[in-house]
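K.L.:
sequence unknown, structure follows:
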């Protein structure tokens, strides 16, 4: 008899789904606590917990509830959104190397955000402009890839990559033409910067909703990963599902980029890393991506704002510095 | 029990004039062999029967109802297909892959049950790949992957089996074992349609034959009347010698 211990049945549902998800949830909670305790004025864990359960003195309450917690939650939500969007794009394009920005969405958002910064607009308008840019990029790629012919992942990928290089050129042009005093802010935005985050709630609520909505579609996504014809032969309505994934992944990425600029790396590496460890069942990979992506960005942002405080590092640098060794280790281990 | 009826149906091969229209019914218990040279439209024919491509003309009826009025999921509960090409971009074990055959029967919130696992294990045993259950499909040989695809169809267990060159990559023993499995399924009331390149396997196991010519012509009928050397020589543009064994014709290419 083959070893069926890894199969999602009966009591082994616990080992298959619950244990990885509960472990990641615990890790997430620890990362959130760690992030809230760290800062220019270090607070002992006991006082942080006091504040979180509704006690503590007013100064500490302001520091934690109004300053640190929103930023921490923004980081968590953004990381989760990017990782889920990356996992979805990888399935949509049948390419394990796809990331949320591969179709040029971050380029559109960056042009929107940098344009607003060039005009000297405030943070709220920068975010709004980034969102519009992301929306425009999404519709542009979808419309062009649709074209007159059929809509295939390779056509979508090619269109997206070419449009992304177009955005790249516009971004370089804007950077070249912008006055020097605006440059640092623009560069930080391009590498990802959570200090633009206004409020964590839209991103956090979207992340929770999306995990709830996607879970029942997990098995269909597993079948879709075997190719569109095989999926159709097994009863999946391929075209509507692909269109839904495209727009969902774009929405997630747009919200993430709007919250924190174009943070690279998480959308590519987190789903990939989880697949190396947990296999390729989307019912597990999607919620696990949300938790692991959130955890990684929370930790990266904590270091970004504390390592050389009061100065801040671009968080994208930290996600790569943390993620690259982790990923290489896992790759080495599973070979 | 299910049947698939073609009503003046023509397959849509791009860049080719519409050929003969096909009108016949494929019934439970029959094994149809589709023969023809490369590019004659065998794969297009099978994918059209599965509703994955639209016919250029005419209609296909699944159990007396037009195929295009069914939802994909409802079709997949009645009809399954072994593809010639496979995509293994993402890692999956043999067990996970074969278990996907249950997808059309599970609701979105439902997990695979012990019965589904049982069915899958039976299919793996029938295809002689149960010892590979935990292996990644990407690490298997071509013949083993072919058997994983057939096991996935067996797990799906539809009334109509379509198979695009199911004996591809298989060694001699597994070619015979696979066709024996198909014959068992037909004996249990399944309808089978397969594209084949081996005339002798077709002669031995098929009950009905459809010949597809590269110019779009087609003819069909029971196996005895269709496997005539002259027709096959025209079909493949290859002279043949015929030997008779157990009262069945066997074809050997002439030099």
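P.N.:
The structure has been received and is ready for your questions. For clarity, every value in this text was computed on a predicted model and none was experimentally measured. Residues are numbered from 1 along each chain as shown, chains lettered A, B, ... in the order given.
K.L.:
quick one: contacts for the most centrally placed residue in chain A?
P.N.:
Geometric centre of chain A, nearest residue: residue A:82, 1.2 Å, by Cα atoms, centre = their mean. Under the criterion of Cβ atoms under 8 Å, 6 or more residues apart in numbering or on different chains, the neighbours of residue A:82 are A:100, A:252, A:253, A:256, A:263, A:266, A:267, A:270, A:293, A:297. All C-beta atoms are positioned from the backbone trio N, CA, C, and that covers glycine.
K.L.:
on the three-state scheme, it is what?
P.N.:
helix (DSSP: H, G, I helix; E, B strand; the rest coil).
K.L.:
the residue in the stretch 151-255 of chain B that chain A sits nearest to: neighbouring residues, count only.
P.N.:
Here the stretch 151-255 of chain B gets closest to chain A at one residue, residue B:156, 7.0 Å apart by Cβ to the nearest Cβ. Number of residues near residue B:156 (other Cβ atoms under 10 Å in any protein chain shown) recorded here: 25.
K.L.:
next up, the contacts around it.
P.N.:
By Cβ under 8 Å, 6+ apart, the contact list for residue B:156 reads A:234, B:76, B:80, B:101, B:102, B:104.
K.L.:
okay, and which of these map to strands?
P.N.:
residue B:80 (DSSP state E).
K.L.:
can you lay out the contacts of residue B:156 as TSV showing distance to residue B:92?
P.N.:
Formatted as TSV, the contacts of residue B:156 follow (distance: Cβ to Cβ, whole Å):
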residue	distance to residue B:92
A:234	14
B:76	19
B:80	18
B:101	13
B:102	14
B:104	18
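K.L.:
quick one: which of the contacts of residue B:156 is nearest to residue B:192?
P.N.:
Lowest distance from residue B:192 to the contacts of residue B:156 (Cβ to Cβ) belongs to residue B:80, with 10.8 Å.
K.L.:
I'd like the distance between residue A:56 and residue B:193.
P.N.:
For residue A:56, the distance to residue B:193 (Cβ to Cβ, to the nearest Å) stands at 73 Å.
K.L.:
so those two - more neighbours on which side?
P.N.:
residue B:193 (25 against 19).
K.L.:
okay, strands next: where are they in the stretch 101-250 of chain B?
P.N.:
B:160-164, B:191-195, B:208-212, B:218-222, B:240-245, B:248-253 (DSSP state E, counting those that start in this stretch).
K.L.:
would you reformat these as TSV and include mean pLDDT?
P.N.:
Shown next, in TSV, are those (pLDDT from 0 to 100):
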stretch	mean pLDDT
strand B:160-164	97
strand B:191-195	97
strand B:208-212	96
strand B:218-222	95
strand B:240-245	91
strand B:248-253	89
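K.L.:
all helices of the stretch 1-150 of chain B, in order?
P.N.:
B:42-49, B:72-78, B:94-99, B:114-126, B:142-156 (DSSP state H, counting those that start in this stretch).
K.L.:
let me see the mean pLDDT of the longest one.
P.N.:
This predicted structure assigns helix B:142-156 an average pLDDT of 96.
K.L.:
give the buried residues for it.
P.N.:
B:144-156 (16 or more other Cβ atoms under 10 Å in any protein chain shown).
K.L.:
also stretch A:40-56?
P.N.:
A:43, A:48, A:50, A:51, A:52, A:56.
K.L.:
quick one: pLDDT of the nearest residue to the fourth one once chain neighbours are set aside?
P.N.:
Taking Cβ to Cβ, 6 or more residues apart in numbering or on different chains, and ignoring the residues beside it in sequence, residue A:51 has residue A:64 as its nearest neighbour in space, at 4.8 Å. At residue A:64, the model reports a pLDDT of 80.
K.L.:
just give me the neighbour total for whichever residue of the stretch 51-200 of chain A sits closest to chain B.
P.N.:
Closest contact between the stretch 51-200 of chain A and chain B, by Cβ to the nearest Cβ, is at residue A:94 (5.0 Å). Residues near residue A:94, counting by other Cβ under 10 Å, number 18.
K.L.:
now it: phi and psi?
P.N.:
phi 50, psi 40 (degrees, to the nearest 10).
K.L.:
quick check: chain neighbours aside, which residue is closest to it?
P.N.:
In space, residue A:94 is closest to residue B:89, 5.0 Å off (Cβ to Cβ, 6+ apart).
K.L.:
how near is that neighbour to residue A:286?
P.N.:
Shown here: residue B:89 relative to residue A:286, a distance of 18 Å by Cβ to Cβ.
K.L.:
redo the contacts of residue A:82 as JSON lines? Include neighbour count.
P.N.:
Below are these laid out as JSON lines (neighbours: other Cβ atoms under 10 Å in any protein chain shown):
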{"residue": "A:100", "neighbour count": "30"}
{"residue": "A:252", "neighbour count": "28"}
{"residue": "A:253", "neighbour count": "29"}
{"residue": "A:256", "neighbour count": "35"}
{"residue": "A:263", "neighbour count": "31"}
{"residue": "A:266", "neighbour count": "33"}
{"residue": "A:267", "neighbour count": "32"}
{"residue": "A:270", "neighbour count": "33"}
{"residue": "A:293", "neighbour count": "33"}
{"residue": "A:297", "neighbour count": "38"}
